[in-house]
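Engineer: Fold the stuff below for me.
(one chain, ligands or ions: 1)
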Amino acid sequence: MLNTKWLETELASESSGTAWEQFHECSKTGHYDIGLPTERVVEEMNGLYESLPYRNLASIALPDALAPVERGFAETVLGRITPSAIRPVSISLLALRTILHFAYGLTRDNHDNAHIHRAFRSVPSGGALYPLELYFYHSGFVEGLPPGIFHYSPEANALHQVSSGNCDDQLSRALVEFQRDLPSKLSVTIFITALFNRSVFKYRDKGYRFTLLEAGHVAQNINLGATALGLGVINLGGFHDRLIDDMLGLDGLNHSILYLNGLCARDDDDARG
Ligand SMILES: Cc1cc2nc3c(=O)[nH]c(=O)nc-3n(C[C@H](O)[C@H](O)[C@H](O)COP(=O)(O)O)c2cc1C
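Structural biologist: Purely as a prediction, here's the structure:
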C-alpha cells in the first residue's frame, strides 16, 4: 500500500528532502522484497565471530559470579534517572562485569539448532545476528583494572585492553562542547558500536535500523543494570562520531560508534557498586 504522507511530500516527485526522510522511506520492508535463501543466511551466520577476537591482545578474565541485585524491578525501572550532578564513584570489577553481562552477555546456547551455533544474548536481536560490540574506558575508577580502553568478549567473559592510560582529553575532544567536562566526572564510559554488515547482509537497509534499535536495548539494560546496582548512569548522544571511532580504532563505515553510556555516582549518594 502506498503511503499517502509520502506522496504528499516533495520527495516523491523531486528526489529532494533530508537524508532521514530518504533513508526511512527507502529502508521500509516492501511486499515484493525477496529474502536471502536460508542456506546463505546460515553460511554467513556461521562465519560471524561471537565478538571481535582481538587475538593479538592478552585476555583479562572477568569474575564468574554476578553482583547481587538488591533493588526490585519497579524500583529499578522507576528509579532510573540521569543524575543532576555527574560525579565519579569507585566501581568494583564485579559490578562492571554484571552490567556488561546484562548489556550483551550470552544467556543460552543454541545447541538444539543443527545449523547455527551462535549463542543467544541478554537482549533480542533481529535474526539473532548480534551486530553490536561493547567497549569501555575508565581512568582509574574500576577497582583492579588499569586505566585504558577495553573490549568486552561476552563468549569468553573476558576483556581485551585495546589501549592503555588516561584518555580523558581525547574523550573530552570527542564530546560536543557543552559536555567536554564529562570524562573526568564519569567512572566508566561504555561505547556501543555496530558491525553493520552482520545485520545488513540479511535485512539490507532495514538491517541498519535494526542495529540502532538493538543499541537501544543494550543501552537500556545498562541503564537498568547500573540503577539496580545503586549506580548513576547517563546516556550520551552528543559526541563526534569520527573522533570516537578514532579512539576505538574503528574504520567508521563497516564498524562505527552508535551510543555511549556513562556510569557514575547516583544523585542520592547511595552507590553500592
Ligand atoms: C539518545 C539520547 C541521547 C542523549 N544524549 C545526551 C547527551 O549527549 N548529554 C546529556 O547530558 N544527556 C543526554 N541524554 C540524556 C537526556 O537528556 C535525558 O535522558 C533526558 O533529559 C530525560 O531525563 P532522565 O534521563 O533523567 O529521565 C540523552 C538521552 C538519549 C535517550
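Engineer: Wasn't residue 258 part of a strand?
Structural biologist: Yes - using DSSP: H, G, I helix; E, B strand; the rest coil, the assignment for residue 258 is a strand.
Engineer: Tell me how many other residues crowd it.
Structural biologist: 21 (other Cβ atoms under 10 Å). (C-beta placed from N, C-alpha, C; glycine too.)
Engineer: ok, and the closest non-adjacent residue to it?
Structural biologist: residue 215 (4.3 Å; Cβ to Cβ, 6 or more residues apart in numbering).
Engineer: same deal with residue 92?
Structural biologist: Spatially, and ignoring its direct neighbours in sequence, residue 92 is nearest to residue 143 (5.1 Å; Cβ to Cβ, 6+ apart).
Engineer: coming back round to it: which SS state does the residue nearest to residue 258 fall under?
Structural biologist: Residue 215 ends up helix, using three-state DSSP.
Engineer: check contacts around it.
Structural biologist: 132, 192, 194, 258, 259 (Cβ atoms under 8 Å, 6 or more residues apart in numbering).
Engineer: partners of the helix or strand harbouring the third one, with directions?
Structural biologist: So that's residue 194. Residue 194 is part of strand 188-195 when elements are defined by DSSP states H and E. The strands beside strand 188-195 in its sheet (DSSP bridges) come out as strand 132-138 (antiparallel), strand 255-264 (antiparallel).
Engineer: Mind putting those into CSV with mean pLDDT and distance to residue 94?
Structural biologist: Converted to CSV, the strands paired with strand 188-195 look like this (pLDDT from 0 to 100; distance: least, Cβ to Cβ, whole Å):
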stretch, mean pLDDT, distance to residue 94
strand 132-138, 98, 15
strand 255-264, 98, 14
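Engineer: Determine which of the ones you listed approaches the ligand most closely.
Structural biologist: With Cβ to the nearest ligand atom as the measure, strand 255-264 is the member of the strands paired with strand 188-195 nearest the ligand (6.9 Å).
Engineer: does any bit of that closest one sit next to the ligand?
Structural biologist: No - with Cβ under 6 Å from any ligand atom as the criterion, the ligand is not reached by strand 255-264; the gap is at least 6.9 Å.
Engineer: Not counting its neighbours along the chain, what's nearest residue 186?
Structural biologist: Once flanking residues are discounted, residue 186 sits nearest to residue 262: 4.0 Å by Cβ to Cβ, 6+ apart.
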